[in-house]
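Undergrad: Only the shape, not the letters, is given here:
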């Protein structure tokens with residue numbers, strides 16, 4: 001497929017190194033036991049076998065052999081109040097945040113009321129986040145009914161974090177509306193390192209970018225969590241992806257995850273945790289890390305996770321006042337497989353129809369005619385994504401109708417976001433947003449100039 005050997009989809013490529021972890025022993029290779037014999041000559045039986053005397057151990061570690069754990073194992077161990085967990089263990093986990101939206105929310109609420117009673121109360125109203133974001137800005141009565149059910153439930157339960165939308169004709173007239181649920185979870189401070197976040201959406205794994213366990217669940221599970229705050233989960237094994245090298249300016253996190261999915265296939269991480277580390281990952285901002293974790297489900301992954309660092313902590317400074325405690329994989333943790341990438345050699349990638357693992361170099365598709373461009377959704381609807389789109393449109397020679405209309409819609413959204421951020425006095429975003437507005441104006445001028453030239 002690729003003209004360069006390093007981008008071959010074959011796992012034997014020189015671009016990628018796959019190392020199997022053979023595990024380790026918690027015991028020394030040679031016995032250090034002390035054998036005491038009875039003083040009577042008539043008996044030669046061993047009457048006691050004792051280990052050498054050791055200093056007194058702390059009670060927390062007495063009674064078991066402590067072995068290394070991965071980030072995911074540590075988070076689930078803490079949430080289940082267990083000192084040690086291994087892949088395959090089934091444990092009851094205490095949930096920190098449950099998110100649902102207008103697609104699965106009504107069904108989850110229905111199950112909750114059926115199983116716990118019509119007058120039952122959720123386990124913790126401050127830990128339930130409800131975000132309408134799919135069936136909105138439409139005149140469809142059934143779609144509107146879903147949002148109505150959410151609104152009634154939140155009023156009944158006094159849910160603190162309900163990001164409602166009431167005026168369907170003008171999204172700017174809805175001060176509580178926050179957009180795509182996975183982006184809103186991060187922007188509103190619901191994502192915190194070391195916690196467990198569950199959501200009724202397969203892309204809930206996006207929140208793993210904050211160093212937490214985040215995964216999608218079904219309506220039945222969500223209904224149970226609403227009533228108990230707990231869920232039975234199986235601990236997944238972990239695949240580790242080490243990405244090093246300076247990231248070229250023409251690459252985005254989407255290229256990184258497409259490279260990974262192209263290597264392991266859409267089933268390569270089925271019910272596995274995908275842990276992303278390395279100098280390249282450390283250089284990514286939070287929104288790019290969210291893109292990386294967002295698509296682990298396209299590889300079948302249970303969750304994706306990035307170790308929290310100064311970038312994470314800085315992002316959270318003005319978003320949450322709740323305490324959190326990050327965790328990190330132990331040096332002796334056991335990984336199912338480890339993959340290594342030199343990102344400095346990577347080229348822009350695309351996923352061709354009809355599968356995310358149908359990877360190709362972007363330059364190999366240069367003759368493919370593009371009819372329409374869509375910018376948005378949970379993978380590509382973040383601030384950084386609109387900025388990247390603005391750069392592409394600004395550099396484009398040809399600006400067709402759909403290019404312009406799509407961009408102007410995004411520009412309107414960014415203007416609204418700009419106004420919202422000003423209201424919050426988030427001055428650190430002003431320069432970026434102002435630059436986007438100028439780029440939008442430049443694109444418009446290029447388009448007008450081109451059309452004027454065509455009619456002369």
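TA: Received it, and whenever you're ready, just let me know what you need. Since we're looking at a predicted model, the values are computed, not measured.
Undergrad: For the stretch 251-400 of the chain, give me the ranges with low pLDDT.
TA: Applying pLDDT under 70 to the stretch 251-400 of the chain flags residues 396-400.
Undergrad: Quick one: the strands in it, in order.
TA: 273-277, 303-305, 337-342, 349-351, 359-361 (DSSP state E, counting those that start in this stretch).
Undergrad: what's the longest one packed up against?
TA: Read that as strand 337-342. Packing partners of strand 337-342 (3 or more Cβ pairs under 8 Å, 6 or more residues apart in numbering; DSSP states H and E): strand 16-20, strand 238-244, helix 253-264. For glycine as for every other residue, the C-beta is placed from the backbone atoms N, C-alpha and C.
Undergrad: list the buried ones in it?
TA: The neighbour-count check on strand 337-342 (16 or more other Cβ atoms under 10 Å) flags 337, 338, 339, 341, 342 as buried.
Undergrad: Now render the helices and strands packed on strand 337-342 as a markdown table, adding distance to residue 92.
TA: Listed next are the helices and strands packed on strand 337-342 as a markdown table, based on distance: least, Cβ to Cβ, whole Å:
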| stretch | distance to residue 92 |
| --- | --- |
| strand 16-20 | 32 |
| strand 238-244 | 21 |
| helix 253-264 | 31 |
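Undergrad: Tell me which of these lies nearest to residue 134.
TA: Minimum separation from residue 134 across the helices and strands packed on strand 337-342 (Cβ to Cβ) falls at helix 253-264, 21.8 Å.
Undergrad: Highest mean neighbour count out of the strands of the stretch 251-400 of the chain?
TA: Mean neighbours per residue, mean count of other Cβ atoms under 10 Å, is largest over the strands of the stretch 251-400 of the chain for strand 303-305, with a mean of 31.
Undergrad: Mind listing the strands that one pairs with, and their directions?
TA: Looking at strand 303-305 with DSSP bridges, its partner strands are strand 273-277 (parallel).
Undergrad: what's the offset of the helix or strand where residue 152 lies from the middle of its chain?
TA: Residue 152 is located in helix 141-157, with elements delineated by DSSP states H and E. With Cα atoms, centre = their mean, to the nearest Å as the basis, helix 141-157 stands 27 Å off its chain's centre.
Undergrad: What residues sit buried inside that helix?
TA: Applying 16+ other Cβ under 10 Å to helix 141-157 flags 143, 144, 146, 147, 149, 150, 151, 153, 154, 157 as buried.
Undergrad: Check stretch 311-327 too.
TA: Buried residues in stretch 311-327 (16+ other Cβ under 10 Å): 311, 312, 315, 316, 324, 326, 327.
Undergrad: And the contacts of it?
TA: By Cβ atoms under 8 Å, 6 or more residues apart in numbering, the residues outside stretch 311-327 that reach it are 71, 74-75, 78, 186-195, 210-211, 282, 284-286, 289, 307-308, 426.
Undergrad: I'd like to know which of these are buried.
TA: 71, 74-75, 78, 186-187, 189-195, 210-211, 282, 284, 286, 289, 307-308.
Undergrad: So which of these are in helices?
TA: With DSSP state H as the criterion, helices contain 71, 74, 75, 78, 186, 187, 282, 286, 289 from among the buried ones among the contacts of stretch 311-327.
Undergrad: Switch the strands of the stretch 251-400 of the chain over to JSON lines; also include distance to residue 119.
TA: Below are the strands of the stretch 251-400 of the chain laid out as JSON lines (distance: least, Cβ to Cβ, whole Å):
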{"stretch": "strand 273-277", "distance to residue 119": "39"}
{"stretch": "strand 303-305", "distance to residue 119": "35"}
{"stretch": "strand 337-342", "distance to residue 119": "50"}
{"stretch": "strand 349-351", "distance to residue 119": "48"}
{"stretch": "strand 359-361", "distance to residue 119": "52"}
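Undergrad: Which of the buried residues of stretch 311-327 fall within helices?
TA: The members of those that map onto helices under DSSP H are 311, 312, 315, 316.
Undergrad: From residue 220, how far out is the first one?
TA: So the one you mean is residue 311. Residue 311 sits 36 Å away from residue 220, taking Cβ to Cβ, to the nearest Å as the criterion.
Undergrad: Likewise for the third one?
TA: Counting by Cβ to Cβ, the gap between residue 315 and residue 220 amounts to 33 Å.
Undergrad: ok so, going back, residue 234: which of the buried residues of strand 337-342 is nearest?
TA: residue 337 (18.7 Å).
Undergrad: Show me what the closest one is bridged to.
TA: residue 20, residue 239.
Undergrad: Looks like it contacts residue 260 (just checking).
TA: No. With contact defined as Cβ atoms under 8 Å, residue 337 does not count as touching residue 260 (11.9 Å).
Undergrad: Under a three-state scheme, what state does the most centrally placed residue in the chain occupy?
TA: In the chain, the C-alpha nearest the mean C-alpha coordinate belongs to residue 206, at 2.0 Å (Cα atoms, centre = their mean). The three-state assignment at residue 206 reads helix, by DSSP: H, G, I helix; E, B strand; the rest coil.
Undergrad: Now do it, the pLDDT please.
TA: Looking at residue 206, its pLDDT stands at 98.
Undergrad: which residues does it contact?
TA: Per Cβ under 8 Å, 6+ apart, neighbours of residue 206: 182, 185, 186, 214, 290, 293, 294, 378.
Undergrad: Distance check, the fifth one against residue 228.
TA: Residue 290 sits 29 Å away from residue 228, going by Cβ to Cβ.
Undergrad: So between those two, which is more surrounded?
TA: Between residue 290 and residue 228, counted using other Cβ atoms under 10 Å, the more crowded position is residue 290 (29 against 15).
Undergrad: Nearest spatial neighbour of the more buried one, chain-adjacent residues omitted?
TA: residue 209 (4.4 Å; Cβ to Cβ, 6 or more residues apart in numbering).
Undergrad: try residue 356
TA: Leaving aside its sequence neighbours, residue 356 is closest to residue 298 (4.3 Å, by Cβ to Cβ, 6+ apart).
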